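# predicted coordinates and the sequence they were generated for:
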Amino acid sequence: MQPEVYQFLKNNEERIAFIRLNPEWYRKLTRDPTQYMKFDKEMKYFFGKTSIQRIERIGNQLQMMNMLIHMAKAMKDG
């Protein structure tokens, strides 16, 4: 393993987990080390850490809380 690729992966546990699940990225990084940013972007998308995915998750949680509040009110009234 090339030292710069190893150091890049070693700096973040999620990178190691992602590359274990997607070994084709190891070949891509070994051949073209300039793809680090693309690797990180795809890793964040894979683990659901992009800002859009986080906003969607918060929205879903708010909808669930709203539904639970309405159910609690309905049970209290009934």
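Everything's here; your move.
# can I get the lowest-mean-pLDDT helix or strand in the chain in CSV? Just the C-alpha atoms.
Least confident helix or strand of the chain, by mean pLDDT, DSSP states H and E, is helix 3-10 with a mean of 90. Only the C-alpha atoms of helix 3-10 are listed here, as CSV (Å, rounded to 0.1, in the frame of the first residue of the first chain):
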residue,chain,number,x,y,z
PRO,A,3,2.2,5.5,2.2
GLU,A,4,0.1,8.5,1.2
VAL,A,5,-3.0,6.4,0.6
TYR,A,6,-2.4,4.5,3.9
GLN,A,7,-2.1,7.8,5.8
PHE,A,8,-5.2,9.2,4.1
LEU,A,9,-7.3,6.2,5.1
LYS,A,10,-5.7,5.9,8.6
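# outside of that helix, which residues touch it?
Arg15, Ile16, Ile19, Tyr26, Leu29, Thr30, Pro33, Tyr36 (CB atoms under 8 Å, 6 or more residues apart in numbering). Backbone N, C-alpha and C define where each C-beta goes, glycine included.
# the same query, at a cut-off of 6 Å, please.
Arg15, Ile16, Leu29, Thr30 (CB atoms under 6 Å, 6 or more residues apart in numbering).
# between these, which sits nearest Met65?
Arg15 (33.6 Å; CB to CB).
# ok, residues contacting the helix or strand containing the closest one?
Using DSSP states H and E, Arg15 falls within helix 13-21. Helix 13-21 has contacts (CB under 6 Å, 6+ apart) with Leu9, Trp25, Tyr26, Met43.
# by neighbours, which of those wins?
Leu9 (22 neighbours; other CB atoms under 10 Å).
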